[in-house]
Each structure stands twice: as C-alpha cells, then as structure tokens.
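1. Model the following, please.
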Amino acid sequence: MGKLQFADRLQRVSSSRTQQVTAAVDRLRREGADIIDLGAGEPDAPTPDHIKAAAVTALDQDFTRYTVGAGIVGLRDAIATHYETRYGVRYARDQIVVTSGGKQGLFNVSMALFGPGDEVVTHVPGWPSISEQVKLAGATPVFARTHAEEGFELRAEPLLDAVTPRTRGIIINSPGNPTGALISEDELRRLADGIRGRDIWLVVDLCYEQLIYDPNPHNLPGVLAECLAQQAVLIGSASKSYAMTGWRCGWLVAEPGVAAACNAVQSHSTSHAASITQRAAEAALRGPQDCLDTMRAEYRDRRDALAGWMADDGRFRVVRPAGAFYLFPDVTDVLDEEVLRTSSDLALALLTEAHVAVTPGEAFDAPGYLRLSYTVPMVQLEDAWRRILAYLG
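-> Below is the predicted model of the structure:
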C-alpha cells in the first residue's frame, strides 16, 4: 500500500506558533526548568468566584446534557443585554450563536461565508488564526499592513485599497492581537461606507473589548448597527474579560440568516458550547463586574512598567498599546548577524537560556518584533525583565 495522504487543505495552513510556545513551555517545566511565561495569551487572574459557583450549581442540578445548538436562552439574552447596556444596540435571540470560544465563532463565519475563489482582507501584524481559518475555508487571505509609526492603528484606507472584485470579506480585530491597537469609530465608519451595498462581509473580532485602558471611544457595535447592520458580524468572548480561557465560550452576532448559517456549520462540528460553561458565562455577564475593573487596573500598571523599562533600555522600540495585554516591541537593535539573526532566534534563546517565554513576531507576520504578554504578577514581570537584560548583557 502506498503512503496515505492528508487532505490538500493542510498544505495551505500551518500550525499555531503561539500554541508551539505553550507546548515548549510545558515541556521545559516538566523537565524542571523555572520558566516565566510571557508567551501565553490569557489572563493570570483566577476565574471569579461567582462564575465558578454558577458552574458548580449547574453540576449539582445535573445540567450536563445537550443544549440548543445556538446556546441556552439565558446566555443569549445575557449577551443581548451586554450589547444593549454597553453600546446601546439591541439584538434578538435569533441573531446570537454561542460558540466554543471566540475562535470557533470566527471559524464558523469563515466556513459559512467564504469559499474557493474568494479573497478575505485582514490586517498584519495580526492574529494568525484569522488567515489560517480563511485558508481552511478554501479562500485566500489578503493583508493590509499597519505600522508602528502610526501606533499600529487600523485605518480604513489600506483595508479598502486591498479590496478587489474577488473580495468577499474583511476581518478586523480591535483591540488587536498582538499590537493592542484599535480602529477608531470614524475609521470604522469610513470602512463601512466603503463596502456598503457591495457583496462584502465585515467581521469584527471584539474579544478584548473590555480591556481598553485609557479613554478611547470604541462603540464599534453602534457604528455597525447604524451603517452596516446587514453585512456585519461581531465576535465576542468570555475568555479574556472574565479569565475564562479554558472554559471555551464565545459568541457571534449577525443578521438572522448569517447566524443560522453559522449555527448550521456548528451543528456538524461541536454541536454547542459545553452546557456547564454556558451557565458560567451567563453568570459572568449578569453578575458583578468589579472583577473587570480590578483586572484592567492591574494590567494598566504592568503595561506602563514594562513599557517604561523598555524605553529606559533603548534597544526595544515599543508602542504603548491601547488595549489587550501585550507589548509588541521592535527588537531589530538587539539582533546581530551571527547568533540572533531573527526575532525567532531571539525568542528561542530567551526561552532556552533565560527561561523567559515570548512569542516571535514571525508568528504575526512581523519579523523583527516580539510579543510579550504581561499577564504575570508584577514580581514575575520584573524577574523576567532582569533575566532578559542579563542574557543580552
């Protein structure tokens, strides 16, 4: 028998570089290494107690069977209330589909809306799963680059300039991973105006929406409801805001036909998000929100401290992010022609020699950069910085 073959689609995609960092950290820790992990894209805070209590209650009540594919009514109503309270936008239940994390929401959208021959515009540096999911759908990602000298801000013009007759969608992430940059309400309005009435979907990933540190108008759902309601899809998540990454709960919001199509995709993959997780996420959205304020304040302090240390050193050129929980410094001044030729080389050296895990910019189509997640306690962040400086000399 000849060699068995994989599906052709796997030749179009690559595995997650961020997951590779996580796997490397796990392996080294099992070998006994003291690793400080600045590569993880998840909060270090524990899931708040009232959310965990809701999960325990769900277990005690044997709420462990299948649910409706689109999600339990209580959670979909809580999601609708979240958008109405925070943004003044009303959504009906049939516009909301609960997913196993924001990532599955984006995947469902790509599978439902894009296919062979289509082009989908997104921005770089950017989260690599967006473009890889587009490839899995058989479509072709097209990239619009943002720039450090502009704070990596997302602007409508480069995205619209990338549109061709084959463009079927535009996907943006605000605040963005890895840069923490935003698209302003005015720029989103210009983007919406540029594609209104055309056969182009606009997908907006708001997974970090509640981790914006400074006063920045960011009512993107309100802009889309006003300008592009029939062509827009919103992606949300409980993962970052409520320290629920492992629970796997996100959602998508769109006009009913799109929501139904995405639910059809989901019905043949995961069926629905875990029943217990759905109850926990409902408690997260309906319960006390002071945990968000505490987390946001702590991350702001860490952001400012790490950015300040980098500025004092001078070899790390960094843009202070508006949101999320990453710094994305330009490290080309640290590189050389012998050992540290690329930011991937630097990231590997920091992991193996300094025992500090970071993610190389190559993972985000941005060679010469590193992504450092400041989701560790301040004392560990200080220790990590000392280790980095000690290695670099």
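2. Now do Ile172 against Cys227, distance only.
-> Per Cβ to Cβ, to the nearest Å, Ile172 is found 14 Å from Cys227. All C-beta atoms are positioned from the backbone trio N, CA, C, and that covers glycine.
3. Mind checking which of the two has more residues around it?
-> Ile172 (24 against 18; other Cβ atoms under 10 Å).
4. Enumerate the beta-bridge partners assigned to the more buried one.
-> Val204 (DSSP bridges).
5. Name the SS class of Thr294, please.
-> Under DSSP: H, G, I helix; E, B strand; the rest coil, the three-state class of Thr294 is helix.
6. Which residue, other than its chain neighbours, is closest to it?
-> Nearest non-adjacent residue to Thr294, counting by Cβ to Cβ, 6 or more residues apart in numbering: Ala45, 7.9 Å away.
7. Tell me which residues touch the one you found, please.
-> By Cβ atoms under 8 Å, 6 or more residues apart in numbering, Ala45 lies in contact with 243, 291, 294-295, 298.
8. for Leu106, helix, strand, or coil?
-> Secondary structure of Leu106, per three-state DSSP, is helix.
9. Isn't it up against Leu234?
-> No. Leu106 is not in contact with Leu234 according to Cβ atoms under 8 Å; the separation is 10.9 Å.
10. Name the spans of the protein whose pLDDT lies under the cut-off.
-> By pLDDT under 70, the low-scoring segments of the chain are 1-2, 15-19.
11. Which parts of it belong to which domain?
-> 8-46+290-392, 49-286 (automatic domain parsing).
12. most packed of those?
-> Most buried of those, by mean neighbour count (mean count of other Cβ atoms under 10 Å): domain 49-286, with a mean of 20.
13. Kindly check the end-to-end length of that domain for me.
-> This stretch, domain 49-286, spans 14 Å end to end (Cα to Cα, to the nearest Å).
14. Work out the gap between that domain and the centre of the chain.
-> Here domain 49-286 is found 9 Å from its chain centre; the criterion is Cα atoms, centre = their mean, to the nearest Å.
15. sorry, back to before: check the contacts of Ala45 against Glu132 and report the nearest one.
-> Glu132 lies nearest to Ala243 out of those, by Cβ to Cβ, at 25.7 Å.
16. Looks to me like the closest one is in a strand.
-> No. Remark: Ala243 does not belong to a strand; assigned using three-state DSSP, it is coil.
17. Against Glu157, how distant is it?
-> For Ala243 relative to Glu157 (Cβ to Cβ), the value is 37 Å.
18. do the same with Gly246
-> 39 Å.
19. Quick check: which element contains Ala45?
-> Following DSSP states H and E, one finds Ala45 outside all helices and strands.
20. swap that for His123, sorry
-> Assigned by DSSP H and E, His123 belongs to strand 119-124.
21. Note down every partner strand of that strand and its orientation.
-> When DSSP bridges is applied, strand 119-124 pairs with strand 140-145 (parallel), strand 167-173 (parallel).
22. which residues sit against the longest one?
-> I take that to be strand 167-173. Here strand 167-173 makes contact (Cβ under 8 Å, 6+ apart) with 106, 113-114, 118-123, 126-127, 130, 134, 139, 142, 154, 159, 163, 183, 191, 195, 199-205, 207.
23. One more: the first one?
-> Residues from elsewhere that reach strand 140-145 (Cβ under 8 Å, 6+ apart): 118-124, 126, 130-131, 134-135, 158-159, 161-162, 164, 166-167, 365.
24. sec struct for Leu340, please.
-> Leu340 is classified as coil under three-state DSSP.
25. Can you show me the helices along this structure?
-> Here the chain has its helices, by DSSP state H, at 17-30, 49-60, 73-87, 102-113, 128-136, 156-161, 185-195, 220-227, 256-267, 275-286, 290-313, 343-349, 378-392.
26. can you put those helices in JSON lines and add distance to Asp37?
-> Shown next, in JSON lines, are the helices of the chain (distance: least, Cβ to Cβ, whole Å):
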{"stretch": "helix 17-30", "distance to Asp37": "5"}
{"stretch": "helix 49-60", "distance to Asp37": "23"}
{"stretch": "helix 73-87", "distance to Asp37": "30"}
{"stretch": "helix 102-113", "distance to Asp37": "20"}
{"stretch": "helix 128-136", "distance to Asp37": "19"}
{"stretch": "helix 156-161", "distance to Asp37": "33"}
{"stretch": "helix 185-195", "distance to Asp37": "34"}
{"stretch": "helix 220-227", "distance to Asp37": "31"}
{"stretch": "helix 256-267", "distance to Asp37": "31"}
{"stretch": "helix 275-286", "distance to Asp37": "24"}
{"stretch": "helix 290-313", "distance to Asp37": "14"}
{"stretch": "helix 343-349", "distance to Asp37": "12"}
{"stretch": "helix 378-392", "distance to Asp37": "9"}
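27. Nearest to Pro321 among these would be which one?
-> With Cβ to Cβ, the closest approach to Pro321 among those belongs to helix 290-313: 6.7 Å.
28. Check the offset of the closest one from the chain's centre.
-> Helix 290-313 sits 19 Å away from the centroid of its parent chain (Cα atoms, centre = their mean).
29. between it and helix 378-392, how big is the angle?
-> Comparing the axes of helix 290-313 and helix 378-392 via axes from the mean of the first three to the mean of the last three Cα atoms, to 10 degrees yields an angle of 20 degrees.
30. what's helix 290-313 packed up against?
-> strand 326-327, helix 378-392 (3 or more Cβ pairs under 8 Å, 6 or more residues apart in numbering; DSSP states H and E).
31. quick one, it and helix 275-286 angle?
-> Angle, helix 290-313 to helix 275-286, by the same axes, to 10 degrees: 80 degrees.
32. give me every residue that touches Tyr374.
-> Neighbouring residues of Tyr374 by Cβ under 8 Å, 6+ apart: 38, 299, 302-303, 306, 325-327, 381.
33. related to what we said a few turns ago, can I get the strands paired with strand 119-124 in JSON lines with distance to Glu337?
-> Below are the strands paired with strand 119-124 laid out as JSON lines (distance: least, Cβ to Cβ, whole Å):
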{"stretch": "strand 140-145", "distance to Glu337": "26"}
{"stretch": "strand 167-173", "distance to Glu337": "34"}
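34. Out of the ones you listed, which is closest to Tyr391?
-> With respect to Tyr391, and counting by Cβ to Cβ, the nearest of the strands paired with strand 119-124 is strand 140-145 at 30.2 Å.
35. Right, I'll leave it there.
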